[in-house]
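Novice: Next come a sequence and a model predicted from it.
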Amino acid sequence: VADDDLFWLVIGGAVPVYAEGSGISAGLRVVADAGTDGHMILADASNIDGELLGIALDDIGDNAAGLVHIAVNY
């Protein structure tokens, strides 16, 4: 989000997201991609430190959309 810009943030519930990397299977944990493109990636030991965003509800292919149940800690 640009400086001084307004935006909506979903803090809980099912939201459509884009997967990056090798895709994400339903039921697996996701984190935000380190880039600025807004994609999600599969959570693993190298990226799980405080960044867990939710659980995939769909099987999501690489660079495809699917649903994730988001639970943001606020």
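Specialist: Good, I have the coordinates.
Novice: residue contacts, the residue nearest the centre of the chain?
Specialist: By C-alpha atoms, centre = their mean, the chain has its centre lying nearest to Met40, at 3.6 Å. Neighbour list for Met40: 17-20, 24, 30-33, 53, 60, 68 [criterion: C-beta atoms under 8 Å, 6 or more residues apart in numbering]. For glycine as for every other residue, the C-beta is placed from the backbone atoms N, C-alpha and C.
Novice: Quick one: those residues as TSV, columns for distance to Ser46, pLDDT and secondary structure too.
Specialist: Shown next, in TSV, are these (distance: C-beta to C-beta, whole Å; pLDDT from 0 to 100; DSSP: H, G, I helix; E, B strand; the rest coil):
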residue	distance to Ser46	pLDDT	secondary structure
Val17	20	88	strand
Tyr18	20	89	strand
Ala19	17	88	strand
Glu20	15	83	coil
Ile24	16	91	strand
Val30	14	91	strand
Val31	10	88	strand
Ala32	14	84	strand
Asp33	13	82	coil
Leu53	16	85	strand
Ile60	20	93	strand
Val68	20	92	strand
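Novice: quick revisit: what does the pLDDT read for the residue nearest to the centre of the chain?
Specialist: What the model reports as pLDDT for Met40 is 86.
Novice: From Ala2, how far out is it?
Specialist: As judged by C-beta to C-beta, to the nearest Å, Met40 and Ala2 stand 21 Å apart.
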